[in-house]
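Trainee: build the 3D model from these lines:
(one chain, ligands or ions: 1)
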Amino acid sequence: MSDAVQFRTTTQHMLKESKVYAKHILMGGLSGFESPIGLDRHDRIDALRTGDIGFVHSWDINTSVDGPGTRMTVFLSGCPLRCQFCQNPDTWKMRDGKPVYLQDMIKRVTRYKDVFQNTGGGVTFSGGESLMQSAFVSRVFHAVHENGIHTCLDTSGFLSKNFTDEMIEDVDLCLLDVKSGDEKTYYEVTGSQLAPTIEFGQRLNKAGKKIWVRFVLVPGLTDSVENVENVANICETFRGAVEHIDVLPFHQLGRPKWHEMNIPYPLEHTESPSKGLKQRVRSQFETHGFKVY
Ligand code: SF4
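Mentor: This next block holds a predicted model:
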């Protein structure tokens with residue numbers, strides 16, 4: 001990973017049109033962080049476990065993408081899932097990220113406190129999978145939250161066992177990906193299990209937290225009436241927390257990265273959902289009483 005500023009043009013969970021996303025990015029990359037050098041492999045594993053360092057893919061300042069207001073979004077490296085529609089397979093391996101000291105990250109987030117307060121924004125930890133580095137995330141959240149900064153966790157929930165109820169206390173909002181509604185389809189989509197996502201949603205609800213659910217609509221993969229109904233039924237189990245559901249239409253923006261990395265891309269020929277399909281899925285969620293974006 002180069003130290004040069006690298007602007008992200010997409011985010012794996014929102015699957016926004018790249019032009020729209022780029023328009024909302026003000027700055028970012030990995031500039032301004034001093035990399036811990038001289039740490040051997042053992043030291044790094046230890047520091048990762050305690051949260052003294054985190055492995056970061058990139059960060060940016062954006063508006064209206066990863067939570068309310070103007071936000072600093074930190075994209076951590078490492079993800080145990082293998083979503084067919086992943087926009088950023090370059091975040092999958094933690095070792096491809098850059099190690100960043102905890103105190104450096106806290107300072108960097110705090111630097112934007114005035115911007116956050118003027119815009120109703122804050123910090124969002126995304127990935128990769130943010131809960132793969134739960135100690136680092138929770139320690140940054142704890143420090144900045146005490147300082148009055150809004151915190152948002154963007155996650156699939158798959159590793160939620162790593163995130164204690166005490167850690168949840170420092171989360172204001174969770175962007176929770178519910179990638180499918182039954183174990184079989186979820187496994188087909190992600191290669192992993194669905195149950196931890198449901199449990200995490202329920203724990204957040206119990207803790208009185210807010211959730212924005214994200215559902216990626218992929219024709220031929222996640223779009224069946226039954227699958228969408230199942231996702232809606234899951235959301236009902238933590239309804240009190242759900243502020244809205246984002247139905248994110250699949251795009252082919254991630255395809256070049258799969259090609260560059262020589263990974264067989266399963267959605268090579270999949271098209272974006274039609275207007276009619278998007279409307280049908282939105283209506284299904286609305287029928288369950290959810291606000292849908
Ligand atoms: S959960 Fe992991 S594999 Fe799935 S879209 Fe996000 S980064 Fe990609």
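
Trainee: wait, E268 touches G254, no?
Mentor: No. Between E268 and G254 there is no contact under CB atoms under 8 Å: 11.2 Å. The C-beta positions use only the backbone N, C-alpha and C, and glycine is treated the same way.

Trainee: between those two, which is the more surrounded one?
Mentor: Taking neighbours as other CB atoms under 10 Å, E268 and G254 compare with G254 leading, 22 against 10.

Trainee: so how far is V74 from the more buried one?
Mentor: Applying CB to CB, to the nearest Å, the value for G254 to V74 is 20 Å.

Trainee: sheet partners, orientation included, of the helix or strand containing V213?
Mentor: For V213, the host element (DSSP states H and E) is strand 210-217. With DSSP bridges as the test, strand 210-217 is paired with strand 173-177 (parallel), strand 242-249 (parallel).

Trainee: how about that strand and the ligand, touching?
Mentor: No. Against the ligand, strand 210-217 shows no contacts by CB under 6 Å from any ligand atom, the least distance being 8.0 Å.

Trainee: can you list contacts of the next helix or strand after that strand?
Mentor: Reading on from strand 210-217 to the C-terminus, the next helix or strand found by DSSP H and E is helix 225-236. For helix 225-236, the surrounding residues in contact (CB atoms under 8 Å, 6 or more residues apart in numbering) are 178, 180-182, 185, 197-198, 201, 213, 215, 222, 242, 245, 280-281, 284-285, 287-288, 290.

Trainee: what residues does the stretch 101-250 of the chain put near the ligand?
Mentor: Residues of the stretch 101-250 of the chain lying near the ligand (CB under 6 Å from any ligand atom): 127-129, 156.

Trainee: against G120, how distant is N233?
Mentor: Distance from N233 to G120, counting by CB to CB: 32 Å.

Trainee: if we ignore the residues flanking it in sequence, what's nearest D46?
Mentor: Distances taken as CB to CB, 6 or more residues apart in numbering place D52 nearest to D46, at 7.9 Å, with adjacent residues excluded.
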